[in-house]
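Visitor: Okay, predicted coordinates and the sequence, questions at the end:
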Amino acid sequence: MVFPLHLVSAIFFFNLTTLLVPAQELSLNVIEKTRRACVEVIIKGQLRGGGAFVTDSRGKTYILTAAHLFHRPGDTCIIVTADDQSHFASLSAYDLGHDLALLEVDPTLNRYGSLRVAASIPAETKAVFNVGPALGRRQLFLPGTVAHAGIVYTDFSSSQDYLAHYFISGINPAFSSGGPWINRDGEIVGVQHGRLKGDEGAPSSGLSMVSPPATVRDLIEKNAIASTSGIGGFLWEIRTADRTFFDKLPDRGDGLVVNPVFKDRPLDRAGIKPHDLILRCDGVQLQRLSQLLAMIRAKPVGSAFRLEVLTPGSGGSREVILTTDAIEAGWR
């Protein structure tokens with residue numbers, strides 16, 4: 001079929017325009033509903049971050065936010081809604097392994113609506129948005145894209161252990177923590193925790209650490225303090241070690257360097273010292289941090305693991321038993 005030139009041009013322009021419409025564009029309905037369901041979190045008079053109203057399967061309303069906004073679990077807080085009304089809230093449940101907190105609020109606040117939780121992590125390069133009081137500017141919609149949809153682990157100072165999350169690439173300024181990341185349907189795909197540090201002198205790499213929606217849903221439905229298996233120290237893949245330290249190691253490319261070790265936590269109780277090298281866990285040779293932490297997190301608190309450990313310069317490895325603790329138990 002032959003089309004007139006002007007019609008061909010119109011069809012081409014329509015298709016090109018369709019392709020050029022920003023993939024991250026949200027409908028006005030989603031924007032209005034999300035803004036109404038999002039809040040500012042104020043603790044001890046200080047803006048700490050954002051949060052959002054969510055509802056469990058029984059119809060109870062909570063605020064979902066990040067646990068690290070709180071100085072200690074006994075803190076109460078004020079939430080400020082989109083209409084500038086202030087309301088009391090308090091911690092009801094939390095999960096430090098994913099930096100999540102659930103706040104108890106007055107049941108009548110269900111009038112602000114709530115956000116649904118998505119079924120799964122969006123596919124990589126999918127458009128998503130962080131909604132919250134970034135830079136103290138009320139509820140901003142900040143665009144991003146999923147950079148890595150798999151679960152990774154990052155050392156987390158608030159728990160002196162590890163945060164399990166996935167990565168979103170996008171703007172992540174101060175006070176964005178606790179704000180929900182949503183998809184184009186307005187569903188929560190995770191909660192903003194923090195930003196991965198960049199090189200020396202750079203405050204951010206442009207990567208946000210975001211909880212997976214499955215853990216968000218789990219906390220909402222259980223409304224109970226989580227029990228996350230912890231090790232009490234930070235680990236580094238040997239390939240990322242400082243050159244001066246690397247030169248002291250045996251001629252090998254495998255293992256995880258331990259530093260630091262926190263007192264009276266599992267690594268310390270197992271006799272592991274800073275700069276020791278963990279070679280194997282339950283006979284599995286270790287190359288990646290995620291290997292060990294996936295094994296640790298797959299078993300309940302109090303599980304024991306056989307670690308093969310090498311102290312540089314000792315001349316040989318040794319076997320130790322690591323028994324995990326609950327990272328939530330140390331938050332007081």
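Guide: Received, thanks.

Visitor: And for Asp56, the neighbour number?
Guide: Asp56 sits with 16 neighbouring residues when counted by other CB atoms under 10 Å. C-beta coordinates here come from the backbone N, C-alpha and C atoms, glycine included.

Visitor: and if you look at Pro212?
Guide: Neighbour count for Pro212, taken as other CB under 10 Å: 21.

Visitor: Same question for the one 4 residues further on.
Guide: In terms of burial, Val216 registers 24 neighbours under the definition other CB under 10 Å.

Visitor: doesn't it fall inside a helix?
Guide: Yes - assessed by DSSP: H, G, I helix; E, B strand; the rest coil, Val216 belongs to a helix.

Visitor: doesn't Leu100 make contact with it?
Guide: Yes - here Val216 reaches Leu100: they are 6.4 Å apart, a contact under CB atoms under 8 Å.

Visitor: Now for these two: what residues contact both?
Guide: Leu64, Val191 (CB atoms under 8 Å, 6 or more residues apart in numbering).

Visitor: give the contact list for Leu235.
Guide: Counting by CB under 8 Å, 6+ apart, Leu235 has contacts Leu256, Val257, Val258, Ile278, Leu289, Leu292.

Visitor: and if we set it to 7 Å?
Guide: The contact partners of Leu235, taken as CB atoms under 7 Å, 6 or more residues apart in numbering, are Leu256, Val257, Val258, Leu289, Leu292.

Visitor: ok, it to Ser57 distance?
Guide: Separation of Leu235 from Ser57 (CB to CB, to the nearest Å): 38 Å.

Visitor: And for Arg265?
Guide: Arg265 is 36 Å from Ser57, by CB to CB.

Visitor: And Ile78, by the same measure?
Guide: Taking CB to CB, one finds Ile78 at 28 Å from Ser57.

Visitor: do Lys263 as well
Guide: Distance, Lys263 to Ser57, using CB to CB: 42 Å.

Visitor: now do Asp106
Guide: Asp106 sits 20 Å away from Ser57 when distances are taken as CB to CB.

Visitor: before we move on, what about Ile220?
Guide: From Ile220 across to Ser57, the span is 9 Å (CB to CB).

Visitor: again, but for Gly49
Guide: Applying CB to CB, the value for Gly49 to Ser57 is 26 Å.

Visitor: So which of those two has more stuff around it?
Guide: Gly49 (25 against 8).

Visitor: got any ranges where this structure has weak pLDDT?
Guide: Residues of the chain meeting the criterion pLDDT under 70: 1-24, 198-204, 242-253.

Visitor: 50 instead, please
Guide: In the predicted model of the chain, residues 1-3, 5, 7-23 satisfy pLDDT under 50.

Visitor: which strand in it runs the most residues?
Guide: Secondary structure of the chain read by DSSP state E shows that its longest strand is strand 140-156.

Visitor: Parallel or antiparallel, which strands does that one pair with?
Guide: Partners of strand 140-156 in the sheet, by DSSP bridges, are strand 127-132 (antiparallel), strand 161-170 (antiparallel).

Visitor: in it, what's buried?
Guide: Buried residues in strand 140-156, counted by 16 or more other CB atoms under 10 Å: 140-144, 146-147, 149, 151-154, 156.

Visitor: That's all I had, so thanks and see you.
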